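>>> predicted model and sequence below, questions to follow.
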Amino acid sequence: MRLTPTERDRLLLFSAAELARARRARGLRLNVPEATALIADTVCEVARDGGRLAEAVEAARSVLGPGDVLPGVADIVTEVHVEAVFDDGSRLAVVSDPIGGGLGERAPGALLPGPEHAEPEAAVRLTVTNTAAVPVSVTSHFHFFEANPRLDFDRAAAYGMRLAVPAGSSVRFGPGESAEVGLLPIGGARVAIGFAGLVDGPLDAPGAREEALRRAAACGYLGVPETRDQETER
């Protein structure tokens, strides 16, 4: 059976969550990896059942309490990020204060105040057209170059970039709709693992961009120079 990197990551997360469930059932308190896996898996399962983002985050925030984890774990696991596939596309769920915290004035899934959730300044602006018959959502930290193959935009210009939107949010493209979006370079170590598997490594490694474009063209992604030339010839 062939699995994509995203599918392998999902199975690994599920296995870790199952281990956490089994240990909790034996009366053991969970450590950091176990608690994190169980919270993240809860989000993914609610999404799989057809739930909305806010419902998934709310369920994840109620799955564990302070008595379910080892001392100090609740102080370490203060926020869990996981990308899950909802009915309207993949979204990044941000589960804040996930272990027995109160909602306070925040709604489930709401963005937290602070500079990391401010609107970042775009370095590049592109027009994106959704040629699919269903809505497509792209989350804030998804490698935009690898977004849904039915989205038509300049893939080469989007290499190594993400959406210039607040962390944890997403942009939705309706069927047949076109919209202009802002992009900015992916920060940190600039390594793209998973996503659609077009890179799976350092973004700036020699030849990585050219190989990713070749893979995208071979897989029929719209917006790659080869596919644009084919559309022009027609």
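That came through fine.
>>> helices and strands around the top helix by length along the chain, which ones?
Of all segments of type helix in the chain, defined using DSSP state H, the longest is helix 5-25. Using 3 or more C-beta pairs under 8 Å, 6 or more residues apart in numbering; DSSP states H and E, the elements in contact with helix 5-25 are helix 32-48. Heads up, the C-betas are built off the backbone N, CA and C, glycines and all.
>>> now stretch 75-92, how far from the chain's geometric center?
7 Å (C-alpha atoms, centre = their mean, to the nearest Å).
>>> model confidence over that stretch, on average?
Mean pLDDT, stretch 75-92: 87.
>>> quick one: end-to-end length of that stretch, please.
Stretch 75-92 stretches 22 Å from its first residue to its last (C-alpha to C-alpha, to the nearest Å).
>>> buried residues in it, which are they?
77, 80-84, 86, 89-92 (16 or more other C-beta atoms under 10 Å).
>>> pass me the low-pLDDT residue ranges in the chain, would you?
100-119, 168, 226-234 (pLDDT under 70).
>>> strands of that one, residue ranges please.
Using DSSP state E, the strands of the chain run over 79-86, 89-96, 124-130, 136-139, 151-152, 161-163, 170-173, 178-185, 191-192, 201-202.
>>> buried residues of the third one, list them for me.
Neighbour-count burial for strand 124-130, with 16+ other C-beta under 10 Å as criterion, is recorded at 126, 128-130.
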